[in-house]
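Participant: Curious how this folds, go ahead:
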Amino acid sequence: MARVAWRLLLLLPPLLLPVQAPGFQGGRKRGHKVIREPCEQHKECRSDCCVTNNLSPQRFCTPKTFFFQCRSWSKPNGYSCHEHWECQSGCCVRSSQVPLQFCTSKTIFLQCTPWRKPNGEFCRSHSQCWSQCCIRLSRISALRCYARSGILAQCLPLVSPPTPSSQGSCARG
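Facilitator: Model (predicted):
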């Protein structure tokens, strides 16, 4: 009986050792890289996810998202950008008179609102003005941004219509 117990104890330690699946070495697939290791293609990574995760062009193995997608690092608000997809917020717009674009947060209505010119600034279209009102005050003046006016907040000029005496003098000339 003692001999049988002793033999069982000799067999027990190998049973308690962790069993590694075939193809794995030291906690990783043979030939596959783990999270944070540099890579060039998805298939190099254990997670099948090789993306950029900061401003440098270097790519690294990263875990997949909750929805099993590979998501590249994107720029936070304040970083310069050229396209919406570059930003975490998905919003790349001009934020001042400087022609550069920056990542900015979306409005509460999930819109990207670019910077617009204040009242009094020269403009070419309504969309360039904060007031959405780009008008000429007279026939010879330049287009400028002006506040909306009237009961219905329309884009109306602030000048009064010409008087009959001024029309007559213009007609003669």
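Participant: Going by C-alpha atoms from here, please, whenever you check contacts or count neighbours.
Facilitator: Will do.
Participant: Kindly state the domain boundaries assigned to the protein.
Facilitator: With domains defined by automatic domain parsing, the chain comprises 28-73, 75-114, 116-157.
Participant: now stretch 53-60: mean pLDDT?
Facilitator: Averaged over stretch 53-60, pLDDT sits at 78.
Participant: for that stretch, which positions count as buried?
Facilitator: Residues 53, 59-60 are the ones in stretch 53-60 that count as buried (16 or more other CA atoms under 10 Å).
Participant: For it, report the contacting residues that lie outside it.
Facilitator: 35-40, 50-52, 72-75 (CA atoms under 8 Å, 6 or more residues apart in numbering).
Participant: residues near I140, how many?
Facilitator: 7 (other CA atoms under 10 Å).
Participant: what does K106 give?
Facilitator: K106 has 15 nearby residues by other CA under 10 Å.
Participant: Find the least confident helix or strand in this structure, judged by mean pLDDT.
Facilitator: Ranked by mean pLDDT, DSSP states H and E, the weakest helix or strand in the chain is strand 24-25, scoring a mean of 42.
Participant: give the contact list for R71.
Facilitator: R71 sits in contact with 51, 64-65, where contact means CA under 8 Å, 6+ apart.
Participant: Hmm, K106 is touching Q88, no?
Facilitator: No: K106 is beyond contact range of Q88, at 10.5 Å (criterion: CA atoms under 8 Å).
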